[in-house]
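[1] I need the structure of the sequence given here:
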Amino acid sequence: MLNRSKLWASGLLIAMFVTGAAVGGGITQAWMRNDDPTDYRGRGSSDRSRPPSYADRIEVDLNLTPEQRAAVDTILARRESDMQQLWQDIQPRFDALRDTIRTKIMDVLTEEQQQKYRELLEHGSRRGERDRENRTHN
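    Below is the predicted model:
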């Protein structure tokens with residue numbers, strides 16, 4: 001009985017995670033598509049082909065001086081390898097959890113829904129690859 005409770009709690013936790021990720025992704029997409037005139041890609045830039053970087057957003061939102069922006073860029077550059085190492089440590093666990101979630105979702109879908117879900121995942125994968133490529137060119 002206790003094991004069943006733990007299973008339900010784990011399932012609920014996973015469902016909450018998936019729901020949070022979906023809602024967060026939807027909000028992010030809505031934010032990225034809105035017609036907000038704020039240009040995060042450099043003052044006066046019209047390059048809308050890439051998402052704004054963290055430094056771009058705080059530069060505009062906090063009205064950083066050029067000297068402050070240079071200092072922020074230096075801070076971020078110095079910590080980039082630490083962030084990459086952290087992600088390399090965490091990524092296998094994240095990928096395993098994501099795969100488990102996707103498998104469990106597929107188990108409750110019909111054949112037709114499974115095909116659509118695969119298409120959604122593929123679309124998301126291509127978008128993720130584009131985002132990663134854009135980040136490496138910033």
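[2] which ones are touching the nearest residue to Asp73 once chain neighbours are set aside?
    In this structure, Asp73 finds its nearest non-sequential neighbour in Ala55, 5.8 Å apart by CB to CB, 6 or more residues apart in numbering. (Each C-beta comes from the backbone N, C-alpha and C, glycine too.) The contact partners of Ala55, taken as CB atoms under 8 Å, 6 or more residues apart in numbering, are Arg69, Val72, Asp73, Leu76.
[3] Thought Glu59 was touching the last one, still the case?
    I take that to be Leu76. No. Counting by CB atoms under 8 Å, Glu59 is not a contact partner of Leu76; they are 11.6 Å apart.
[4] Please identify which of those two sits among more neighbours.
    Glu59 (22 against 13; other CB atoms under 10 Å).
[5] gap between the more buried one and Asp89?
    Computed with CB to CB, to the nearest Å, the distance linking Glu59 and Asp89 is 30 Å.
[6] what does Lys6 give?
    26 Å.
[7] That concludes my questions; thank you for your assistance.
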